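In: Predicted model and sequence follow; I will ask about them next.
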Amino acid sequence: MSAGPGSKPHILHLQSSFAPGGKELRSVQLINAFGNAARHTIVSAEPDQLGAAERIRKGIAVDLQPAFPSLKGLPTPGRLQRLAKAMKGYELVLTYNWGAMDAVMAHTLFSEVHALPPLIHHEDGFDESEAERRKLRRTWYRRIALGKASGLVVPSDKLEEIALVDWQQPLGRVKRIPNGIDTRAFAKKPRPDAIPRLLKRPGERWVGTMAGLRPVKNLPRLVRAFAKLSDEWHLVIAGEGPERERISAEADKLGINHRVHFPGILPEPARVVGLFDLFALSSDSEQFPLSVVEAMAAGLPVVAPRVGDIADMVAEENRPYLAARPNDEDLAGALAEVAGDAALREALGVANREKARKSFDEKGMIATYRRLYSSAMKRDL
């Protein structure tokens, strides 16, 4: 798998969104790791959501949101044919989540007609419409659409099971690759003023979370659970999204808006996560949240519902302090127990940091993706 002199593989990324979220930032992480060994074209199903591109290192060849058929619309034969034709000329097509599934279907139906490059699909979880129960129509569509994919990448045990059982994908096609980060970067102690316009004052304790402000994250639940903590505790909700006003309204209703802060998206989480004393999630559905790995690497205890792979991600010592169910009562109880015991927080943080270093460092993840993509293209990346 040796590239020709001076040539670079051209990789097409078809994203459901390219706002700064977990799967998007992992994509950026890999693009940066591959450096000048490849060039990239990135298309988002939501053309106005491209913020993750700001994290791509300067000097890497990237064509962002060029003219391309919309990834959204009815899957008519004509539209799928146009999507297939637009994939010609690349050496690898990478698709991400349900929002790019029509492109996957187009590839399966017309790959031989148009001599299309190999395609690898990535699934990282479900939106609020499938948070509790998968839609049968989407399940059948995925079964058919993935029929000729060179690989289906999932980060979690739960998604691997869904891919094998519900979507009926062959064992050799499904690749479970846990998300990884630069764990050393998160071990550094941040400055108290590392978050713009928000200073951590002596005596304050922070519950922090990083998430898209979307319904599936159920952040009003976190506000309600947090409201029971004493006044030295503040809640820092880092992220942007359509639920911002609803979350803020919940804080207003409970009379704690002076202790709930919205700093927006934190572009360099390694520089700020260590300011939190405790990391929390309140999601109805997760698979393998990268924010949990980042919190662990920063030496934080984690309070979250037992959804997705979270219970397997955190250190064994942290598992008893996860909420048994994704509801207000269980989350509030777990949050109060951890917040009320400084020695416990320290012990859980130490255990989580060690687990992150051993299991979730980015070196292994990047090497695995490099091998997978290189194998599909039959050339080194």
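Out: Now that the structure is in, tell me what you want to look at. Numbers count the residues shown, from 1 in each chain.
In: Can you verify His121 is assigned to a helix?
Out: No: secondary structure of His121, determined by DSSP: H, G, I helix; E, B strand; the rest coil: strand, with no helix assignment.
In: burial of it, as a residue count?
Out: His121: 27 surrounding residues under other CB atoms under 10 Å. Placement of C-beta: from N, CA and C, glycine included.
In: what pairs with it across the strands?
Out: For His121, the residues forming beta bridges with it (DSSP bridges) are Thr95, Leu152.
In: got the residue ranges for the strands in the stretch 151-300 of the chain?
Out: Here the stretch 151-300 of the chain has its strands, by DSSP state E, counting those that start in this stretch, at 151-154, 174-176, 205-210, 233-238, 260-261, 278-280.
In: Out of those, which gets nearest to Phe360?
Out: strand 174-176 (13.4 Å; CB to CB).
In: what's next to the closest one, contact-wise?
Out: Residues outside strand 174-176 that contact it (CB atoms under 8 Å, 6 or more residues apart in numbering): 151-157, 159-160, 163-164, 368, 372.
In: switch the cut-off to 6 Å
Out: By CB atoms under 6 Å, 6 or more residues apart in numbering, the list of residues contacting strand 174-176 from outside reads Gly151, Leu152, Val153, Val154, Glu160, Ala163, Leu164.
In: In TSV, list those along with neighbour count.
Out: Converted to TSV, these look like this (neighbours: other CB atoms under 10 Å):
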residue	neighbour count
Gly151	21
Leu152	25
Val153	24
Val154	25
Glu160	21
Ala163	24
Leu164	16
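In: Now render the residues you listed as CSV, adding pLDDT and distance to Arg55.
Out: As requested, these are exported to CSV (pLDDT from 0 to 100; distance: CB to CB, whole Å):
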residue, pLDDT, distance to Arg55
Gly151, 97, 24
Leu152, 98, 25
Val153, 97, 20
Val154, 96, 23
Glu160, 95, 27
Ala163, 95, 28
Leu164, 96, 33
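In: okay if I get these as a markdown table plus distance to Asp63?
Out: Listed next are those as a markdown table, based on distance: CB to CB, whole Å:
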| residue | distance to Asp63 |
| --- | --- |
| Gly151 | 23 |
| Leu152 | 26 |
| Val153 | 23 |
| Val154 | 28 |
| Glu160 | 32 |
| Ala163 | 30 |
| Leu164 | 35 |
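In: Closest one of the residues you listed to Gly35?
Out: Val153 (20.7 Å).
In: so who does the closest one touch?
Out: Contacts were defined as CB under 6 Å, 6+ apart; by that measure Val153 touches His122, Lys175, Ile177.
In: hang on, the earlier thing: and among the strands of the stretch 151-300 of the chain, the most buried is which?
Out: strand 278-280 (a mean of 26; mean count of other CB atoms under 10 Å).
In: just how off-centre is that strand within its chain?
Out: 17 Å (CA atoms, centre = their mean, to the nearest Å).
In: tell me what that strand is packed against?
Out: Using 3 or more CB pairs under 6 Å, 6 or more residues apart in numbering; DSSP states H and E, the elements in contact with strand 278-280 are strand 205-210.
In: packing partners for the strand it packs on?
Out: The elements that strand 205-210 packs onto, with contact taken as 3+ CB pairs under 6 Å, 6+ apart, are strand 233-238, strand 278-280.
In: Can you pull out the low-pLDDT segments for the stretch 101-250 of the chain?
Out: Within the stretch 101-250 of the chain, the stretches falling below the threshold (pLDDT under 70) are 127-132.
In: Tell me where it has helices.
Out: 101-114, 136-145, 157-165, 183-186, 219-226, 244-253 (DSSP state H, counting those that start in this stretch).
In: between these, which gets nearest to Ala280?
Out: That would be helix 219-226 among the helices of the stretch 101-250 of the chain, by CB to CB, at 5.9 Å.
In: The closest one vs strand 205-210, what angle?
Out: Here the directions of helix 219-226 and strand 205-210 differ by 170 degrees (axes from the mean of the first three to the mean of the last three CA atoms, to 10 degrees).
In: And the chain, split by domain according to the record?
Out: With domains defined by automatic domain parsing, the chain comprises 10-180+361-377, 183-359.
In: end-to-end on the longest one?
Out: Counting by CA to CA, to the nearest Å, the length from the leading to the trailing residue of domain 10-180+361-377 is 10 Å.
In: wait, isn't Leu94 in contact with Leu14?
Out: No: counting by CB atoms under 6 Å, Leu14 is not a contact partner of Leu94; they are 7.1 Å apart.
In: Looking at those two, which is more packed in?
Out: Counting neighbours by other CB under 10 Å for Leu94 and for Leu14 shows that Leu14 has the greater number, 29 against 25.
In: that's a strand at that one, yeah?
Out: Yes: if the criterion is three-state DSSP, then Leu14 is within a strand.
In: Could you identify the longest helix within this protein?
Out: In terms of residue count, the longest helix belonging to the chain (DSSP state H) is helix 342-359.
In: Can you check what angle separates it from strand 205-210?
Out: Between the direction of helix 342-359 and that of strand 205-210, the angle (the same axes, to 10 degrees) works out to 30 degrees.
In: Now helix 342-359: buried residues?
Out: Neighbour-count burial for helix 342-359, counted by 16 or more other CB atoms under 10 Å, picks out Leu344, Arg345, Leu348, Gly349, Ala351, Asn352, Arg353, Glu354, Lys355, Ala356, Ser359.
In: Next: stretch 53-63.
Out: Residues of stretch 53-63 classed as buried by neighbour count (16+ other CB under 10 Å): Ala53, Arg55, Ile56, Ile60, Val62.
In: Any idea how many residues pack against the residue nearest to Ile256 when sequence neighbours are not counted?
Out: With CB to CB, 6 or more residues apart in numbering as the criterion, Ile256 has its nearest non-adjacent residue at 5.3 Å, and that residue is Ala227. Ala227: 18 surrounding residues under other CB under 10 Å.
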